[in-house]
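K.L.:
no sequence on this one, just coordinates:
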Ligand code: VNL
């Protein structure tokens, strides 16, 4: 019997006649994913978490999709955009990867746009979260989140909870500007006042002088965005500067109370209110299974929101391959990802066919002690939130 898959494999073989038979047959059976991450440098926790999330997906679901073997090639860009782009080019040309994935920070994700367009290769953004990235190439899709998505619900919560005067404090680059812009828009439209907007450098941040400014402004709360990995330094300086004692509440996106660092932050973190798409404490059978496998494979390390971006990014690639019946053409894969939906450990998600960004629940959470450990405990859900920055584009 001649199956559809055999026919497809045969035609793929013909298309590749220019190449050696060896590459052709190897490429027919294998799908190569180039996972580029900051495995060293100040954002190495993001690389470690995303890779572990991706590997957990493969452990739980096997290493084949649509009959093909999925091969993960992990490369370290040390958090430097020049390297991300060079590695992407090298993976496309020398390794023949079919999909690129990872991208720990916004500038790293943006650097590969021209490579994607030239090679017709999809890029699954598993970490970076500035809203505009996916507009830069039709080949970007995303399984992390966007800062506008997480920040608007925090503003709504503040409006509804007697918080009237706020200082915003964000890291001074793409996602921080997004957080500041979208929190401010929502909060002020509903009667809140921004007393001061503080921006902190991305490199080697020292929050102390900025926190002194926050304290001097005597706001009801400070709204904070910081990239994953610096939350515990921030929390220590927040306490040292006496902001808790001054009665200034801390509200933030979940990047600040990152599950990876939360226990390290200790008692001062308790009571922090955040909005985000993933908590290790999310109650569902899918999440229990995910957390258990992840911790078992990683010496007890708790998965954070970066890990779930890696896990779901792999799911998206597997599901797209099933949809194309193993066809790895970049345009076919991009068509296949549009509109896909599934139940993630974070809750129900789908890929917006218009923007290729993820539509997902945003949860409001409070840091609480549960069985002697700190967790982001979810108490309210905003369902199926689209990236608000792009909802605005289409309304224009
Ligand atoms: C970004 C956004 C990076 C959120 C993050 O951690 C984060 C980014 C490294 O888009 O650069 O938590």
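P.N.:
Received the coordinates, thanks. In this text, all values refer to a predicted model and were calculated from it rather than measured experimentally.
K.L.:
you'd agree residue 330 is up against residue 120?
P.N.:
Yes - with contacts counted by CB atoms under 8 Å, residue 330 reaches residue 120, the gap being 3.8 Å. Just so you know, the C-beta spots here come from the backbone N, C-alpha and C atoms, and that holds for glycine as well.
K.L.:
intersection of neighbour lists for these two?
P.N.:
With contacts taken as CB atoms under 8 Å, 6 or more residues apart in numbering, residue 330 and residue 120 have residue 139 as neighbours in common.
K.L.:
contacting residues for residue 56?
P.N.:
Counted by CB under 8 Å, 6+ apart, residue 56 has contacts 290, 293, 294, 297, 303, 307, 310, 311.
K.L.:
Pull out the buried residues from the strand or helix carrying residue 233.
P.N.:
Element membership for residue 233 (DSSP states H and E) is helix 231-240. Across helix 231-240, burial judged by 16 or more other CB atoms under 10 Å covers 231, 232, 234, 235, 236, 237, 238, 239.
K.L.:
so, in contact with the ligand or not, the helix or strand following it?
P.N.:
Going down the chain from helix 231-240, the next helix or strand is strand 249-253, by DSSP H and E. No - applying CB under 6 Å from any ligand atom, one finds strand 249-253 separated from the ligand by no less than 7.8 Å.
K.L.:
which other helices and strands contact the next helix-or-strand element following strand 249-253?
P.N.:
On the C-terminal side of strand 249-253, the closest following helix or strand by DSSP H and E is helix 262-265. Under the contact definition 3 or more CB pairs under 8 Å, 6 or more residues apart in numbering; DSSP states H and E, helix 262-265 sits against helix 231-240, strand 373-385.
K.L.:
could you redo the ones you listed as TSV and give each row mean pLDDT and distance to residue 174?
P.N.:
Output for these, formatted as TSV (pLDDT from 0 to 100; distance: least, CB to CB, whole Å):
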stretch	mean pLDDT	distance to residue 174
helix 231-240	96	18
strand 373-385	98	19
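K.L.:
Rebuild the ones you listed as JSON lines, extending it with distance to the ligand.
P.N.:
Shown next, in JSON lines, are the helices and strands packed on helix 262-265 (distance: least, CB to the nearest ligand atom, whole Å):
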{"stretch": "helix 231-240", "distance to the ligand": "9"}
{"stretch": "strand 373-385", "distance to the ligand": "14"}
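K.L.:
Between those, which one is closest to residue 256.
P.N.:
Closest to residue 256 of the helices and strands packed on helix 262-265, according to CB to CB: helix 231-240, at 4.6 Å.
K.L.:
Any chance you could list what contacts that closest one?
P.N.:
Residues contacting helix 231-240 (CB under 8 Å, 6+ apart): 205-208, 211, 224, 226, 244, 250, 255-258, 261-262, 264-265, 268-269.
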